[in-house]
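**Student:** Could you work out the structure for the sequence below:
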Amino acid sequence: MKTLIRLALTAALFAAATAAKAQNGYSAAGYYAGPQAQAAYAQEQANAQAWAAYNAQQQEYARGWAAYYADQAAAQQQAAAAQQAAAQRSAAAAPRHSTGNSQIRFDGRFASVGQTAPQALQFAVYAANTLQNKPYVLGAGHRNIEDSAYDCSSSTSYVLMKAGLLNRCLSSKEFANYGEAGPGRFITIWVKPGEHVFMTICGLRMDTSGHVTGEGPRWRTQGRNYAGFSPRHPSGF
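**Tutor:** Take a look at the predicted model:
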């Protein structure tokens with residue numbers, strides 16, 4: 001009888017020890033697995049936040065470009081209305097130049113092209129019109145696209161950038177490698193590297209060289225000497 005009692009007690013103690021050991025092992029596993037799971041979860045949350053920030057930035061860029069193109073379209077519409085009114089006021093014998101399938105009119109201060117002209121050409125003419133009251137300052141217009149004054153290369157660059165045909169301001173030396181060689185169908189850049197650069201749009205010259213010192217970029221109808229200048233043009237124009 002005593003032997004049976006001792007065996008029963010021994011079995012009970014062994015079962016209790018086994019349960020305690022199992023419980024301790026479970027607790028240790030939970031202790032070590034917990035921080036790892038928390039770290040993985042934190043990393044997952046950080047990744048999600050980074051992607052959310054990236055997507056928000058991309059959406060902001062998209063909104064910015066949409067606003068830019070909307071402004072360009074609005075400006076083009078306003079310019080078209082103003083140019084149409086100016087054309088109606090101009091004399092029937094106003095100077096007229098034509099090249100290819102595009103025509104340009106000049107009323108003595110501002111130029112205009114038809115609504116069927118390529119949009120980039122319309123933007124270029126509008127941009128050149130906005131420069132007509134700007135003075136000439138050497139080096140102006142190179143650091144800031146919108147400036148209070150321009151020189152020969154920055155005014156030429158301004159027109160091309162606003163038309164979407166150039167992505168940064170170039171010097172007269174850099175214009176020697178711009179676009180393609182030869183006169184363009186609508187736009188021609190006349191380059192004397194390191195000295196001077198100007199442009200003609202459908203035959204009408206936009207140039208800083210005139211009869212008044214410091215006059216700045218203007219539409220010019222009088223002739224000039226083209227000796228030493230090499231013609232180049234934007235691809236397709």
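**Student:** first to last residue in stretch 173-189, what's the distance?
**Tutor:** With CA to CA, to the nearest Å as the measure, the ends of stretch 173-189 fall 12 Å from one another.
**Student:** Could you check the pLDDT of Asn129?
**Tutor:** On pLDDT, Asn129 comes in at 97.
**Student:** again with Arg109
**Tutor:** Note on Arg109: pLDDT of 88.
**Student:** count of neighbours near it?
**Tutor:** Residues contacting Arg109 under the criterion other CB atoms under 10 Å number 12. Placement of C-beta: from N, CA and C, glycine included.
**Student:** distance of the closest residue to it other than its chain neighbours from Pro231?
**Tutor:** Once flanking residues are discounted, Arg109 sits nearest to Gln132: 6.1 Å by CB to CB, 6 or more residues apart in numbering. Using CB to CB, to the nearest Å, Gln132 is found at 24 Å from Pro231.
**Student:** and the helix or strand harbouring Gly64, what's its mean pLDDT?
**Tutor:** Using DSSP states H and E, Gly64 sits within helix 2-89. Here helix 2-89 scores 64 as its mean pLDDT.
**Student:** Which secondary structure state does the most centrally placed residue in the chain sit in?
**Tutor:** Centroid check for the chain by CA atoms, centre = their mean gives Asn167 as the closest residue, at 7.1 Å. With DSSP: H, G, I helix; E, B strand; the rest coil as the basis, Asn167 sits in coil.
**Student:** quick one: contacts for it?
**Tutor:** Listed by CB atoms under 8 Å, 6 or more residues apart in numbering, the contact partners of Asn167 are Met161.
**Student:** One more pass at 10 Å, please.
**Tutor:** Neighbouring residues of Asn167 by CB atoms under 10 Å, 6 or more residues apart in numbering: Ser157, Leu160, Met161.
**Student:** how much distance is there from stretch 219-230 to the middle of the chain?
**Tutor:** 31 Å (CA atoms, centre = their mean, to the nearest Å).
**Student:** Identify each buried residue in it, please.
**Tutor:** Counting neighbours by 16 or more other CB atoms under 10 Å, one finds that the buried residues in stretch 219-230 are Trp219, Arg220, Phe229.
**Student:** Out of those residues, name the ones that lie in helices.
**Tutor:** Using DSSP state H, no member of the buried residues of stretch 219-230 sits in helices.
**Student:** Between those, which sits nearest Pro118?
**Tutor:** Set against Pro118, the nearest of these by CB to CB is Trp219 (19.5 Å).
**Student:** how far away is that closest one from Ala66?
**Tutor:** 32 Å.
**Student:** Can you measure across stretch 160-178, start residue to end residue?
**Tutor:** 11 Å.
**Student:** Could you list the buried residues of that stretch?
**Tutor:** Using 16+ other CB under 10 Å as the test for burial, stretch 160-178 gives 160-163, 165-166, 169-172, 174-176, 178.
**Student:** How far off centre is it?
**Tutor:** Chain-centre distance of stretch 160-178: 14 Å, with CA atoms, centre = their mean.
**Student:** For Pro234, which non-adjacent residue is closest in space?
**Tutor:** Nearest non-adjacent residue to Pro234, counting by CB to CB, 6+ apart: Leu165, 4.3 Å away.
**Student:** does the closest residue to Asp147 other than its chain neighbours sit in a helix, a strand or a coil?
**Tutor:** Nearest in space to Asp147, with sequence neighbours left out and distances taken as CB to CB, 6+ apart, is Gly141 at 4.4 Å. At Gly141 the chain is in coil, as set by three-state DSSP.
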